[in-house]
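**Q** coordinates only, sequence not included:
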């Protein structure tokens, strides 16, 4: 009888989008009877994470927290009120009003809040000890120039920060939250970089523009004058025209931020030091051009090359399949892929299945709307990132316009034979707004395409993956499932609309 440990499944993803597919990956893992690892980037500097980073430094932890909480197991045969309470607690956000937020935070820390209902005494006091620790550290850091803003802060993020500060280890903090959330031992959440420091990213556009910081790349906020900063009259001696808001220069912003006592190095880039960055995922303007490349930077903007978390490389070295999940291409997937060691491991021929689940829509990062990404462009970007991870000067670039024919002799795909080193299968939807998939061009590259039915959700203007259809597609791709599904067939759903069935086409 063989005692060899089954090879695992590795999922590259960000936070919120891929959380919708957690049950899909769980089912596939159960049927394959193997470990499952989620690789999560730590470069996010938006939302309530921005305030934690400003005051304490350290990695962006929001996506890690959201995945751990999403993995709390549901037991339909057992009413576990404590697990439900834990999920609500760690996902809870404080009010947007800073005074109401501070008031509610103190109620939670003092155990005088309804969120603690249904917690056992032992678990409540364990969690409270780390919240009290981070509250104490916040009070220690209060200065006339700097106070912590609790607006819309995530309780789970505050807990993870307290655990990291106490243990001195990000992964120890993840282990603690994973244990509290009863995440099964066969499923792990692995930060792309194991660090106690903040690591930011920059993106270069094809028109030469450079955008600094993940939030600015993915969900920029409207520019505004610095609160309390006296920046006019400017060097010309003139005040701004009546009715116009003065816009500070980078030098003025740097000087302003240097007066604030926080965890940032003096003189570091202003865009990386903003306080409590709020953003909307539903209201983003197009980029001025396509993203051509993404890289890590130090606090002053210089490019740096970083190594992946050794646990990431260990997971990849023992993987039977890699899945690139849905989500933001350049801020959820690429930050993990460009790390040293990742590309080499993904390219290993021992990993048979390298599956891209294509987004069902185009976002700010895969536009602009005048030249939306095709499936080929997504694969080209992944290939370029993995090549850069290996130190290979990549000639792989996404096509410059959506009307460019991927089968023409000038197509980067046909001049780049190593696409299949990193992507062997593409799973996609078909319908209004979905990226274009040229099956013939992908077939010439040795990449197999699987089209699955989706479902339209009321109130949304895009198609979602149907869970049953996606599970079936993954299992057929990885060598398990109904072999009859290898044949072209329809299911019970009408087109891409609603329905209870599941199905796929080759």
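**A** Alright, I've got the coordinates. Treat the numbers as computed from the prediction; the structure is a model and nothing was measured. Numbers count the residues shown, from 1 in each chain.
**Q** Once you drop chain neighbours, what's closest to the most centrally placed residue in the chain?
**A** In the chain, the residue lying closest to the centroid (CA atoms, centre = their mean) is residue 14, at 2.1 Å. Nearest residue to residue 14, sequence neighbours excluded (CB to CB, 6 or more residues apart in numbering): residue 332, at 2.8 Å. Using the backbone N, CA and C atoms, a C-beta is placed for each residue, glycine as well.
**Q** Against residue 52, how distant is that neighbour?
**A** 20 Å (CB to CB, to the nearest Å).
**Q** now residue 317
**A** Separation of residue 317 from residue 52 (CB to CB) stands at 33 Å.
**Q** more crowded one of these two?
**A** residue 52 (29 against 15; other CB atoms under 10 Å).
**Q** can I assume the more buried one is in contact with residue 59?
**A** No - with contact defined as CB atoms under 8 Å, residue 52 does not count as touching residue 59 (9.7 Å).
**Q** if I look at residue 75, how far off is residue 37?
**A** Remark: distance between residue 75 and residue 37 (CB to CB) = 23 Å.
**Q** Those two - which one has more neighbours?
**A** The residue with more neighbours, out of residue 75 and residue 37, is residue 37; 24 against 9, by other CB under 10 Å.
**Q** State the distance from the more buried one to residue 472.
**A** Distance, residue 37 to residue 472, using CB to CB: 23 Å.
**Q** and what of residue 303?
**A** Separation of residue 303 from residue 472 (CB to CB): 43 Å.
**Q** Out of the two, name the residue with the larger neighbour count.
**A** Between residue 303 and residue 472, counted using other CB under 10 Å, the more crowded position is residue 472 (22 against 9).
**Q** I'd like the distance between that one and residue 448.
**A** 15 Å.
**Q** for the stretch 351-500 of the chain, what are the low-confidence residue spans?
**A** Counting by pLDDT under 70, the stretch 351-500 of the chain has low-confidence residues at 394-417, 480-500.
**Q** Counting neighbours, what do you get for residue 140?
**A** 7.
**Q** swap that for residue 461, please
**A** Neighbour count of residue 461, defined by other CB under 10 Å: 9.
**Q** if I pick it, what's in contact with it?
**A** Taking CB atoms under 8 Å, 6 or more residues apart in numbering, we find residue 461 in contact with residue 433.
**Q** How about the secondary structure of it?
**A** Following DSSP: H, G, I helix; E, B strand; the rest coil, residue 461 is assigned to coil.
**Q** Show me how far stretch 378-389 is from its chain's centre.
**A** Relative to the centre of its chain, stretch 378-389 is centred 17 Å away, using CA atoms, centre = their mean, to the nearest Å.
**Q** for stretch 145-164, same thing?
**A** Centroid separation for stretch 145-164 versus its chain: 20 Å, with CA atoms, centre = their mean.
**Q** got the buried residues for that stretch?
**A** Across stretch 145-164, burial judged by 16 or more other CB atoms under 10 Å covers 146, 148-164.
**Q** Distance check, residue 17 against residue 391.
**A** Using CB to CB, residue 17 is found at 30 Å from residue 391.
**Q** More neighbours: these two, which one.
**A** Set residue 17 next to residue 391 and count neighbours by other CB under 10 Å: residue 17 wins out with 17 against 10.
**Q** residues in contact with the host helix or strand of the more buried one?
**A** In the assignment (DSSP states H and E), residue 17 maps to helix 16-19. Helix 16-19 is contacted by residues 11, 38, 63, 66, 67, 70, 325, 326, 327, 328, 332 when judged by CB under 8 Å, 6+ apart.
**Q** My reading is that the second one lies in a strand. Confirm?
**A** Yes - when three-state DSSP is applied, residue 38 is found to be in a strand.
**Q** who does it bridge with?
**A** In this entry, residue 38 is beta-bridged to residue 11, residue 189, by DSSP bridges.
**Q** Distance of the closest residue to residue 85 other than its chain neighbours relative to residue 84?
**A** The shortest distance from residue 85 to any non-neighbouring residue, by CB to CB, 6+ apart, is to residue 118 (4.0 Å). Separation of residue 118 from residue 84 (CB to CB) stands at 7 Å.
**Q** Which one's more surrounded, these two?
**A** Set residue 118 next to residue 84 and count neighbours by other CB under 10 Å: residue 118 wins out with 16 against 13.
**Q** Quick check, residue 318 in contact with residue 10.
**A** No - using CB under 8 Å, residue 318 makes no contact with residue 10, being 9.0 Å away.
**Q** Neighbour count: the two, which is higher?
**A** Ranked by neighbour count (other CB under 10 Å), residue 318 and residue 10 place residue 10 first, with 27 against 18.
**Q** Would you check how far apart the more buried one and residue 378 are?
**A** Residue 10 sits 18 Å away from residue 378, going by CB to CB.
**Q** what does residue 46 give?
**A** Here residue 46 is placed at a distance of 23 Å from residue 378 (CB to CB).
**Q** same deal with residue 386?
**A** Taking CB to CB as the measure, residue 386 falls 13 Å from residue 378.
**Q** do the same with residue 57
**A** Distance from residue 57 to residue 378, by CB to CB: 33 Å.
**Q** Among those two, which residue is more densely surrounded?
**A** Each of residue 57 and residue 378 has its neighbours counted (other CB under 10 Å); residue 378 has more, 23 against 15.
**Q** Quickly find the element holding that one.
**A** helix 375-389.
**Q** next helix or strand past that helix?
**A** Next along the chain after helix 375-389, taking DSSP H and E as the criterion, comes strand 425-428.
**Q** residues touching residue 138, list them.
**A** 55, 148.
**Q** Secondary structure class of it, three-state.
**A** helix.
**Q** Need the pLDDT of it.
**A** What the model reports as pLDDT for residue 138 is 96.
**Q** so how far is residue 302 from it?
**A** Look at residue 138 and residue 302: by CB to CB, they are 31 Å apart.
**Q** Relative to residue 458, how far out is the residue nearest to residue 85?
**A** Distance, residue 118 to residue 458, by CB to CB: 32 Å.
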